[in-house]
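Peer 1: Here you go, sequence then predicted model.
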Amino acid sequence: QLRFVESGGGLVQPGGSLRLSCAASEWTSDFYAIGWFRQAPGKEREGVSCISPSDGSTWYADSVKARFTISRANAGDTVYLQMNSLNPEDTAVYYCIRAGCPEGMTASLFDSTVWGQGTQVTVSS
């Protein structure tokens, strides 16, 4: 089963930026729709953004629109999430998985085994 590995998280001050990366665990020639999700302490996991493989169309949760940008590397094997104007409400563990875009952007659709370790994003002064 193809899995994805998240990286790029860290501690950033409010108003700062981070770029998260999502890379396939093994080389693949296939392009997949990839979704970013996040889970804050004490909250349910929620969909953040996704990108489709065919036309590159994207979707964003209302809470991150105009601040986050999802993109795919030219080779297609890495998906990025550029996060700007971060605020403390963005603090969460961020995950990326293969997910229909946007129809698959509901975390409850997925079995617990699909989630990787994620990458921690902490926004704090």
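Peer 2: Good, I have the coordinates.
Peer 1: rest of the way, CA atoms for contacts and neighbours
Peer 2: Will do.
Peer 1: Provide the backbone phi and psi angles at Ser108.
Peer 2: Main-chain dihedrals, Ser108, degrees, to the nearest 10: phi -70, psi -10.
Peer 1: Next, count neighbours for it.
Peer 2: Neighbours of Ser108 under the rule other C-alpha atoms under 10 Å: 11.
Peer 1: tell me the contacts of it?
Peer 2: Contacts for Ser108 were tallied using C-alpha atoms under 8 Å, 6 or more residues apart in numbering; there are none.
Peer 1: do you know how far it is from Val114?
Peer 2: Ser108 sits 11 Å away from Val114, going by C-alpha to C-alpha, to the nearest Å.
Peer 1: Please apply the same query to Cys101.
Peer 2: According to C-alpha to C-alpha, Cys101 stands 16 Å off from Val114.
Peer 1: So for these two, which sits in the more crowded spot?
Peer 2: With neighbours defined as other C-alpha under 10 Å, Cys101 and Val114 compare such that Cys101 has more, 20 against 14.
Peer 1: residue contacts, the residue nearest in space to the middle of the chain?
Peer 2: The chain has Trp36 as the residue nearest its centroid, 2.4 Å off, counting by C-alpha atoms, centre = their mean. By C-alpha under 8 Å, 6+ apart, the residues touching Trp36 are Gly47, Val48, Ser49, Cys50, Leu81, Tyr94, Tyr95, Cys96, Ile97.
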